[in-house]
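# Generate a structure from the sequence data that follows.
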Amino acid sequence: MTRRKGRALFIEPEAPQTCELCGAQEECRPYGPKGEQVCFGCGMKDEAAAKRALGRRIDPGKAS
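Numbers count the residues shown, from 1 in each chain. Below you'll find the model as predicted:
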């Protein structure tokens, strides 16, 4: 579970789930191009989109 405490962001391991892009059963994060839950491999296919999604999680008030 990813959580924020003050200005710190804690990214912790997640239980395996189904990647919304490839169907793999792996640890997934909401970093897909449209906010999909994706595995690391799918997230790195569009690294720019993953970075934007992570940026929104780090600073939700900032427009990306």
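# Look at Tyr31 and give its secondary structure.
At Tyr31 the chain is in coil, as set by DSSP: H, G, I helix; E, B strand; the rest coil.
# just checking, it touches Arg56?
No. In this structure, Tyr31 is not within contact of Arg56 by Cβ atoms under 8 Å, at 9.5 Å. In this view, the C-beta of every residue, glycine as well, is placed from N, C-alpha and C.
# These two - which one has more neighbours?
Relative neighbour count places Tyr31 above the other of Tyr31 and Arg56, with 24 against 16, counting by other Cβ atoms under 10 Å.
# Quick check, pLDDT for Lys5.
pLDDT recorded at Lys5 is 85.
# Can you give me the buried ones in the host helix or strand of Ala50?
Using DSSP states H and E, Ala50 sits in helix 47-58. Of the residues in helix 47-58, those buried by neighbour count under the rule 16 or more other Cβ atoms under 10 Å are 49-50, 53-54, 56.
# Ok, stretch 8-20 next?
Along stretch 8-20, these residues count as buried under the neighbour rule (16+ other Cβ under 10 Å): 19-20.
# Show residues contacting that stretch.
1-4, 24-29, 32, 36-39, 42, 57-58 (Cβ atoms under 8 Å, 6 or more residues apart in numbering).
# Using PyMOL, make a named selection holding only the buried ones among these.
Selecting the buried subset of the contacts of stretch 8-20 in PyMOL, with 16+ other Cβ under 10 Å as the burial test, is done by:
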select buried, resi 24+26+28+29+32+36+37+38+39+42
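# Do you have the strands of this protein handy? List them.
Assigned strands in the chain, in chain order: 2-5, 8-11, 17-18, 25-26 (criterion: DSSP state E).
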